[in-house]
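K.L.:
heads up, no residue letters with this:
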């Protein structure tokens, strides 16, 4: 499967490299286009050169980092809420065993 | 045909019953034709209150038309049609019947002219949406449906308390704009906000929707939160609390979606995020903002349903719903993949999609109101939406790594449903004018200017860059994230367990004491009445012994003389 030819064309390393290069060019163009195209800012500062790009990148960075930090506190294993129920069932099974012993 | 007394909701209710009665092709016909009749009926209703019925001295107005109400009802009816088309081959009949009754509730709310009618349809929605959640069929779905039902019935009670208060206070059950100034209006606001998945109870949405069946979640994503938005527009336009609340929902949705591993739960969190945009708009309350909220709700229902459909097909075909288990599906599911990407672009408000032409109205309203911080937060959130839904969803499901799964693409009806909605997403993005014409207030808004498109392209493409640069930080883990529902799913649960344990130890003590008392009484009884079944050789209790006849005669003589003595006293 690792053979370049056998992979789907979209996931070949060479294609992925081309995609990175292509999208880098597009990204650069969207910023450079601001030299030609006038971006009408509503509050002054949002018309600065490349403001959209920097604001988009930085706010995403902050959101990912905040999510990462909150994740340390908030993340729990998938069966977190099932646990008590499982315990309950094992409890009830043990009770049944006890009851059985009493019966004997 | 006159719809003066009967809301178009009745058509869907009849259809829901018919789905249960008829079978085979007839059922398919009902599923596909009923929404079209409903849509026709919706457009037969002129503006204004259509009829008034006196009921217990209240003036009930079952049907009231207005452009805003018609707009919401229209998108609901379209949603039912496409949802029916998507679901009719694999969904159980009772799921479809429940979904149609649920949609009937939503459309009934759209045309409710008074608070009592609104409340009735509101509860209809709560009931049948719970059934749709239950149709997930797993133990998880049963439990989640129960929590969902409790939350919504609680919301209904709070809403009812508020309505009663307003009726007592003002004597009017009219639906009219109000502000949350006293107890009863607050209660109404809270009751509606619970349905909008506002904090602190946003958790119900991400808890229940992903547990439903692949087809059920498509219906669920559309109605409850959007009827809440409609109710907010009708009752609380310009309520300042909503701005802050909505911004919180926007950020909450992004952060939780970033942490999430379950595909449909990512989409569920982004419902909260998108409804947050609408809530902010209602809070701003200008004509532009309310237009934006209504337009965004219209577009949102379509692209969100499209995303849930795409996720539904993946789950239906693979049986897996975790990002970690999926990936690389673009190879064999091109239609689902492309439609999913279009939905993802629309939710991220990419230029030329419906999200761009509608959501930007809300940003524009913030600009017009000179709300710098709100505008900047909404812009950051737009970038965040692209991050958590626009790229994350398609990337982890269809690309990422090769999971080795080679499922078939969508069945024809599901594919067709997705293609229609994908077409609408782009259609409304390129030609927004027909939608603008339906909005409640006149629109003088130009969505496209070359500078704005460039600004949004910068914003979105660089958030895309951020996604791929930060990808190592976003490794999926097999986890869930705690939410406020931890308070009742864990804390309240443990408290109950504690009380239960306390009661059971108390009953143990009681049982022990009862045994002791029994033993004691038994001893006394043995002492005076003798052992049961003792052999003759053993000494008996006092009253069980045999006494000589003489003793008895003596006792009788004594008693008789006492009697005589008493007689003569």
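P.N.:
Received it, and whenever you're ready, just let me know what you need. Small disclaimer: the values here were computed from a predicted structure and weren't measured.
K.L.:
pLDDT weak spots in the chain?
P.N.:
With no chain named, the answer covers chain A. A:1-5, A:83-104 (pLDDT under 70).
K.L.:
please go with chain B instead
P.N.:
Ranges of chain B meeting pLDDT under 70: B:1-4, B:530-542.
K.L.:
pick out the residue of it closest to chain A.
P.N.:
residue B:458 (3.3 Å; C-beta to the nearest C-beta). Yep, even glycine has a C-beta here, placed from its N, CA and C like the rest.
K.L.:
nearest spatial neighbour of that residue, chain-adjacent residues omitted?
P.N.:
residue A:52 (3.3 Å; C-beta to C-beta, 6 or more residues apart in numbering or on different chains).
K.L.:
and for that neighbour, the neighbour number?
P.N.:
28 (other C-beta atoms under 10 Å in any protein chain shown).
K.L.:
now it: how far from residue A:42?
P.N.:
12 Å (C-beta to C-beta, to the nearest Å).
K.L.:
ok, now residue B:336?
P.N.:
Counting by C-beta to C-beta, the gap from residue B:336 to residue A:42 is 39 Å.
K.L.:
higher neighbour count, the two?
P.N.:
Counted by other C-beta under 10 Å, residue B:336 and residue A:42 do not tie: residue B:336 has more neighbours, with 28 against 15.
K.L.:
which strand or helix spans that one?
P.N.:
In this structure, residue B:336 sits in helix B:334-347 according to DSSP states H and E.
K.L.:
buried ones in the following helix or strand past that helix?
P.N.:
Of the helices and strands lying after helix B:334-347 in sequence (DSSP H and E), the nearest is helix B:354-368. Within helix B:354-368, the residues scored as buried using 16 or more other C-beta atoms under 10 Å in any protein chain shown are B:354-367.
K.L.:
in CSV: those, plus distance to residue B:453.
P.N.:
Shown next, in CSV, are the buried residues of helix B:354-368 (distance: C-beta to C-beta, whole Å):
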residue, distance to residue B:453
B:354, 15
B:355, 13
B:356, 8
B:357, 11
B:358, 15
B:359, 14
B:360, 10
B:361, 15
B:362, 17
B:363, 14
B:364, 14
B:365, 19
B:366, 19
B:367, 16
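K.L.:
and chain A, which of these reach it?
P.N.:
Contacts with chain A within those, as defined by C-beta under 8 Å from any C-beta of the partner chain: residue B:367.
K.L.:
what residues are up against whatever residue of chain A ends up closest to chain B?
P.N.:
As assessed by C-beta to the nearest C-beta, chain B sits closest to residue A:52 within chain A, at 3.3 Å. Going by C-beta atoms under 8 Å, 6 or more residues apart in numbering or on different chains, residue A:52 touches A:39, A:46, B:454, B:455, B:456, B:457, B:458, B:459, B:462.
K.L.:
okay, now residue B:74: neighbour count?
P.N.:
For residue B:74, using other C-beta under 10 Å, the count is 18.
K.L.:
close enough to count as contact, it and residue B:38?
P.N.:
No. Using C-beta atoms under 8 Å, residue B:74 is not in contact with residue B:38, being 9.6 Å away.
K.L.:
overlap in contacts, those two.
P.N.:
Common neighbours of residue B:74 and residue B:38 (C-beta under 8 Å, 6+ apart) do not exist.
K.L.:
can you tell me how far the residue of chain A closest to chain B sits from residue B:493?
P.N.:
For residue A:52, the distance to residue B:493 - C-beta to C-beta - is 47 Å.
K.L.:
ditto for residue B:267
P.N.:
Distance from residue B:267 to residue B:493, by C-beta to C-beta: 28 Å.
K.L.:
now residue B:114: phi and psi?
P.N.:
When read as degrees, to the nearest 10, the backbone of residue B:114 gives phi -140, psi 170.
K.L.:
err, residue B:262, not the other one
P.N.:
Dihedral angles (degrees, to the nearest 10) for residue B:262: phi -70, psi 130.
K.L.:
show me what the helix or strand containing residue B:155 is packed against.
P.N.:
If you go by DSSP H and E, residue B:155 is part of helix B:139-170. Packing partners of helix B:139-170 (3 or more C-beta pairs under 8 Å, 6 or more residues apart in numbering or on different chains; DSSP states H and E): helix B:115-134, helix B:183-195, helix B:203-208.
K.L.:
give me the buried positions along the second one.
P.N.:
Just to be clear, that refers to helix B:183-195. B:184, B:185, B:186, B:187, B:188, B:189, B:190, B:191, B:192, B:193, B:194, B:195.
K.L.:
circling back to that earlier point, and the residue of chain B closest to chain A, what helix or strand is that in?
P.N.:
Going by DSSP H and E, residue B:458 is part of helix B:450-469.
K.L.:
roughly how far apart are residue A:40 and residue B:351?
P.N.:
16 Å.
K.L.:
residues contacting the closest residue to residue B:357 other than its chain neighbours?
P.N.:
On the basis of C-beta to C-beta, 6+ apart, the spatially nearest residue to residue B:357 that is not a chain neighbour turns out to be residue B:432, at 3.8 Å. By C-beta under 8 Å, 6+ apart, the contact list for residue B:432 reads B:295, B:354, B:357, B:358, B:447.
K.L.:
pick out whichever of residue B:267 and residue B:493 has more residues nearby.
P.N.:
Using other C-beta under 10 Å as the criterion, residue B:267 and residue B:493 rank with residue B:267 on top: 28 against 15.
K.L.:
secondary structure element holding that one?
P.N.:
Secondary structure (DSSP H and E) places residue B:267 in helix B:263-284.
K.L.:
and the angle for that helix with helix B:334-347?
P.N.:
30 degrees (axes from the mean of the first three to the mean of the last three C-alpha atoms, to 10 degrees).
K.L.:
state the distance from the residue nearest to residue B:357 to residue B:426.
P.N.:
Counting by C-beta to C-beta, the gap from residue B:432 to residue B:426 is 11 Å.
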